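In: Sequence first, predicted model second:
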Amino acid sequence: MNFGGCDIIFMMERYFTKTFFRFFMGFVAIIALAFGVMYIAGSQLFQGPIDNVAAPR
């Protein structure tokens, strides 16, 4: 166990970035997917009223 400043930082950074990057990319993908589904469902659901308000006839 060598707790010299450089070694522990390097080890922690290498391990932490790998796991954190994987978790972060998964989290971003889930958020993007949820927002995409919400946006598509919302545009399909509220297409009429928004269209009427935007361009009244």
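Out: Looks like it arrived, so ask away. Just so you know, these numbers come straight off a predicted model, no measurement behind them.
In: just the helices in this structure please.
Out: When secondary structure is read from DSSP state H, the chain shows helices at 5-45, 47-54.
In: I'd like those as JSON lines, with mean pLDDT and mean neighbour count appended.
Out: For every residue, glycine as well, the C-beta is placed using N, CA and C. Converted to JSON lines, these look like this (pLDDT from 0 to 100; neighbours: other Cβ atoms under 10 Å):
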{"stretch": "helix 5-45", "mean pLDDT": "81", "mean neighbour count": "10"}
{"stretch": "helix 47-54", "mean pLDDT": "58", "mean neighbour count": "10"}
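In: And Thr19, how close does it get to Val28?
Out: Using Cβ to Cβ, to the nearest Å, Thr19 is found at 15 Å from Val28.
In: Met11 versus Ala41, what's the distance?
Out: Distance of Ala41 to Met11, given as Cβ to Cβ: 45 Å.
In: Check Ile30 too.
Out: If you go by Cβ to Cβ, the gap between Ile30 and Met11 works out to 29 Å.
In: swap in Ser43?
Out: In this view, Ser43 and Met11 are 48 Å apart by Cβ to Cβ.
In: now Thr17
Out: From Thr17 to Met11 the distance is 11 Å (Cβ to Cβ).
In: Please apply the same query to Arg22.
Out: Counting by Cβ to Cβ - Arg22 and Met11 are separated by 17 Å.
In: go on, Gln44?
Out: Noted for Gln44: a distance of 50 Å to Met11, by Cβ to Cβ.
In: next one: Tyr39
Out: Taking Cβ to Cβ as the measure, Tyr39 falls 42 Å from Met11.
In: Then Met38?
Out: In terms of Cβ to Cβ, Met38 sits 40 Å off from Met11.
In: can you check Gly26 too?
Out: As judged by Cβ to Cβ, Gly26 and Met11 stand 23 Å apart.
In: before we move on, what about Val37?
Out: Separation of Val37 from Met11 (Cβ to Cβ): 40 Å.
In: again, but for Ala34
Out: 35 Å.
In: Likewise for Phe27?
Out: With distances taken as Cβ to Cβ, Phe27 is found 24 Å from Met11.
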